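Chemist: let me see the structure of the following:
(2 chains)
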Amino acid sequence: MASEKSRVVCVLFPAATGAKSLRAFAEASLRFTPLVALRTEERAVFLEISACGRLYTEDGLRARLLALARRLAPSAGPGAPCRVVIARDAATALALARFDPRCGADPEAWRALPLQALRGFAGAGPDTSGTASQDHEKSVERIISLLKVLGIRNLGEFALLPSASLAARLGKEAIELSARVQGKLPQAWEGFHPEPAIIERAQESAENLEAILFVLKGVLDRAMARLRGRGERVLALEARLELESWSVAAEAWRRAFGIVFPLPQGSAAGIIPILRDRLAHELARAPLGAPVEALEVEIRETAPGRGAQRDFFSKKEEEDEAVESLMARLAQKFGERNVFVARPVDRYLPEKAYERTLQVASVTDAGEGSVRALPSPERPTRLLGAPERLVARGNLLQLPLNGKHWRIRGWEGPERLSGEWWKEGFDRDYYRVATENGERLWIFQERGRDEAPLYLHGFFD
Amino acid sequence: MDGNLFHSNLQSLSTQVERGALSELSGPRGEGKTLAALHYLAGSPGRIAWIERALTIYPCALAQRDVALERVLFVEAGAPEGLLWAAQQVLASQVFGSVVLDLGAPLEDAVCLRRLQLAAEKSQAAVLLLSERATRESWPLRFQARVEGHEIRILKSRQGRAQRGTEWLQRSPA
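Modeler: Have a look, this model is predicted:
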């Protein structure tokens, strides 16, 4: 028997909806509940939400499902919208979606459903047996005819019939039907299992970059909705363009662009600018020989996605996502090593005292990250990529490379830095040097060598 | 060079850098303009983007001067066009409170400066341009200062404090 709080959503699509769209919708719906079932022949997707009552309201869920259906099954169209009904079990929800004009707004609406709705209860719902057998269908039709003869007009009146006399009058199937109509007979769920690969395709023609991106946006949007249902984000994808094959152009009729993101991406909005840059570059280098007639996006690699709930009072998640998208775009352009967040590491060698990461930390609402002050003494604000050798003449220091020189006013130090003997090792005396022009330099000298040269390593700019 | 005086001058300089506008700090290498920028960044909330052609800023120095490294995104942009492109992208994301553009040579292209100014205005981010010399195309800048020998000279300010040519913040005694 269905429990008192059992709640099942039925999303009923118009007859024109394709099986692929239904599967995509079912996959994207996994974000709401792990218990999703699909009945392709009925054009219906079921969501078991009994345990999700604290996560969202039924009205909110209804609105979100309708929005998702518009994205993933556009063939339904505004003129033939899908219907979303929430009821105590799958069969009742399906029957209400089909026959109740108010989509089950009244909890007792099932009582007024016509006898034809019994067909949905016969072997109905997302059970393991699939569609009812032909014999079963015939017996249901017979029961409906008999009930009409008896003057029974709706499911409410049928449910009131005493179960003891049902088998004798209408056959054993009537007992099962009556139990299902009253929500007393639980039904087994056949879980929905998404396809392993995510490939989305659009059969649209496009002749320039903007048109291609316009179509790609929709394709990506569907792919990302499916990924979100799985609780994943994309790390690598391939965009494929199929060109019109009747063109006389000699190039291949298919162009593919693989993109690897340094950070997992969770939305089409973040990916489109990266695709725009990449396609603009590639198509400028090698223009398309013929108009595009179809586009395809395949998700190649994924990473677990954060399923965090949005914070109602802060935009932290949105900001983090925007930063990740920006970093991915910059890294595509400049290289992964050249876009980074620095993290101090415990090493004495100054140029290795931090590491480059792509890990974005959230900045609190006040805008302050945690300041982790490093040990003194003071470090220069500018560090040269490679130390530059200096030539010392009295109180004059000169860079032989470009002839620049400084007249020294005072030396401060040394600060002795050494270590990493297990690698190449280093042993340096660092000095903070003030010049007569007011500059402050960071200079070191290798220890353990006579007449060791001085090196300019940074500036206190 | 008086360290305390320089520090108090940094305080007044930080108040002149505004969000939603371009500010320029110029000066020779090693004479204090980066310190001035870091002083401003330490007191300003939000994320920071530090964009340079070839990175010379030393991240450990930022942490020493109270700028949390978690807030800072470093970008090494290579070519000058990349520098401006990166700045535009960062500003368009609208999640950064401050953007530091280390130009080396000053940006004399009024169109680029105007574009940056509009982007800064739209994202309400403070854009700090660091260069060795002051730009002549200063009309899109709201604030312009020169840091030389750890002394700060205001070249331009639209806050009404230095409208007439230049003004030295308190000079240290010779």
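
Chemist: so where's chain A uncertain?
Modeler: A:1-4, A:75-80, A:103-105, A:123-133, A:186, A:188-189, A:246-252, A:306-314, A:361-376, A:450 (pLDDT under 70).

Chemist: residue nearest the centroid of it?
Modeler: residue A:266 (3.3 Å; C-alpha atoms, centre = their mean).

Chemist: list the buried ones in stretch A:157-171?
Modeler: By 16 or more other C-beta atoms under 10 Å in any protein chain shown, the buried positions in stretch A:157-171 come out as A:158-159, A:161, A:166, A:170-171. Quick note: C-beta positions are derived from backbone N, CA and C, even for glycine.

Chemist: meant to ask about stretch B:86-102
Modeler: Going by 16+ other C-beta under 10 Å, stretch B:86-102 has these buried residues: B:86-87, B:89-91, B:93, B:95-102.

Chemist: still on that earlier bit, I'd say the residue nearest to the centre of chain A and residue A:305 touch.
Modeler: Yes - checked against C-beta atoms under 8 Å, the pair residue A:266 and residue A:305 is within contact range at 5.6 Å.

Chemist: follow-up on the earlier one: can you narrow the buried residues of stretch B:86-102 down to the ones near chain A?
Modeler: For chain A, the contacts drawn from the buried residues of stretch B:86-102 by C-beta under 8 Å from any C-beta of the partner chain are B:86, B:89-90, B:93, B:95, B:97.

Chemist: from those, which ones fall inside helices?
Modeler: B:86, B:89-90, B:93 (DSSP state H).

Chemist: closest to residue A:182 among these?
Modeler: Among those, residue B:93 lies closest to residue A:182 (C-beta to C-beta), at 56.7 Å.

Chemist: find the nearest non-adjacent residue to that closest one, please.
Modeler: Leaving aside its sequence neighbours, residue B:93 sits nearest to residue A:326 (C-beta to C-beta, 6 or more residues apart in numbering or on different chains; 4.5 Å).

Chemist: my read: residue A:268 touches residue A:228, true?
Modeler: No - the criterion here is C-beta under 8 Å, and residue A:268 misses it with residue A:228 at 10.7 Å.

Chemist: count of neighbours near the closest residue to residue A:341 other than its chain neighbours?
Modeler: Distance criterion C-beta to C-beta, 6+ apart; nearest residue to residue A:341, sequence neighbours excluded, is residue A:357 at 5.4 Å. Using other C-beta atoms under 10 Å in any protein chain shown, residue A:357 has 12 other residues around it.

Chemist: so what's residue A:357 up against?
Modeler: Counting by C-beta atoms under 8 Å, 6 or more residues apart in numbering or on different chains, residue A:357 touches A:340-343.

Chemist: which neighbouring elements make contact with the helix or strand containing residue B:75?
Modeler: Following DSSP states H and E, one finds residue B:75 within strand B:72-76. If you count contacts as 3 or more C-beta pairs under 8 Å, 6 or more residues apart in numbering or on different chains; DSSP states H and E, strand B:72-76 packs onto helix A:316-334, strand A:339-344, strand B:47-52, helix B:59-64, helix B:80-93.

Chemist: the fourth one near chain A at all?
Modeler: Yes - if you take C-beta under 8 Å from any C-beta as the test, helix B:59-64 does meet chain A, through B:59-64.

Chemist: other SSEs contacting that helix?
Modeler: By 3+ C-beta pairs under 8 Å, 6+ apart, helix B:59-64 packs against strand A:339-344, helix B:33-43, strand B:72-76.

Chemist: leaving out sequence neighbours, find the closest residue to residue A:255.
Modeler: Closest residue in space to residue A:255, ignoring its immediate chain neighbours: residue A:241 at 4.7 Å, by C-beta to C-beta, 6+ apart.

Chemist: helices of chain A, start to end?
Modeler: Using DSSP H, helices in chain A cover A:19-28, A:58-72, A:90-99, A:118-121, A:134-149, A:155-160, A:163-170, A:172-181, A:209-230, A:268-285, A:316-334.

Chemist: pick the most buried one from those.
Modeler: helix A:90-99 (a mean of 26; mean count of other C-beta atoms under 10 Å in any protein chain shown).

Chemist: any idea of the angle that helix forms with helix A:172-181?
Modeler: 80 degrees (axes from the mean of the first three to the mean of the last three C-alpha atoms, to 10 degrees).

Chemist: for whichever residue of the stretch 151-300 of chain A sits closest to chain B, what are its contacts?
Modeler: Closest contact between the stretch 151-300 of chain A and chain B, by C-beta to the nearest C-beta, is at residue A:273 (8.0 Å). Counting by C-beta under 8 Å, 6+ apart, residue A:273 touches A:325, A:329.

Chemist: 10 Å instead, please
Modeler: Shown in contact with residue A:273 (C-beta atoms under 10 Å, 6 or more residues apart in numbering or on different chains): A:213, A:325-326, A:328-329, A:332, B:89, B:92-93.

Chemist: cool, and residue B:73?
Modeler: A:323, A:326-327, A:330, A:339-342, A:358, A:360, B:47-51, B:86, B:90, B:93, B:95-96, B:99.

Chemist: swap in 7 Å and give it another go.
Modeler: Residues in contact with residue B:73 (C-beta atoms under 7 Å, 6 or more residues apart in numbering or on different chains) are A:327, A:341, B:47, B:49.

Chemist: so the second one touches residue A:360, yeah?
Modeler: Yes - look at residue A:341 against residue A:360 with C-beta atoms under 7 Å: they come within range, at 6.5 Å.

Chemist: what number of residues lie near residue A:400?
Modeler: Counted with other C-beta under 10 Å, residue A:400 comes out at 11.

Chemist: residue A:304 too?
Modeler: Neighbours of residue A:304 under the rule other C-beta under 10 Å: 10.

Chemist: in the sheet, who's paired with it?
Modeler: residue A:232 (DSSP bridges).

Chemist: without its sequence neighbours, what residue ends up closest to residue 52?
Modeler: Just going to use chain A. Distance criterion C-beta to C-beta, 6+ apart; nearest residue to residue A:52, sequence neighbours excluded, is residue A:33 at 5.4 Å.

Chemist: can you look at chain B instead?
Modeler: residue B:102 (4.2 Å).

Chemist: what does residue A:271 give?
Modeler: That would be residue A:265: by C-beta to C-beta, 6+ apart, it lies 5.2 Å from residue A:271.

Chemist: burial check on that neighbour, number of neighbours?
Modeler: Using other C-beta under 10 Å, residue A:265 is surrounded by 25 other residues.

Chemist: that one against residue A:233, yeah?
Modeler: Yes - using C-beta under 7 Å, residue A:265 makes contact with residue A:233 at a distance of 5.9 Å.

Chemist: re earlier: how about the buried residues of stretch B:86-102 in TSV, adding pLDDT?
Modeler: What follows is the buried residues of stretch B:86-102, written out as TSV (pLDDT from 0 to 100):
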residue	pLDDT
B:86	94
B:87	94
B:89	92
B:90	94
B:91	94
B:93	90
B:95	91
B:96	93
B:97	93
B:98	95
B:99	96
B:100	95
B:101	94
B:102	93
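
Chemist: widest-spaced pair of those?
Modeler: Greatest spacing in these, by C-beta to C-beta: B:95 and B:102 (20.5 Å).

Chemist: what packs against the lengthiest strand in chain A?
Modeler: Secondary structure of chain A read by DSSP state E shows that its longest strand is strand A:405-419. Counting contacts by 3 or more C-beta pairs under 7 Å, 6 or more residues apart in numbering or on different chains; DSSP states H and E, strand A:405-419 packs against strand A:396-398, strand A:426-435.

Chemist: okay, now the residue lying closest to residue A:205 once chain neighbours are set aside: neighbour count?
Modeler: Distance criterion C-beta to C-beta, 6+ apart; nearest residue to residue A:205, sequence neighbours excluded, is residue A:293 at 5.3 Å. When neighbours are counted by other C-beta under 10 Å, residue A:293 registers 17.
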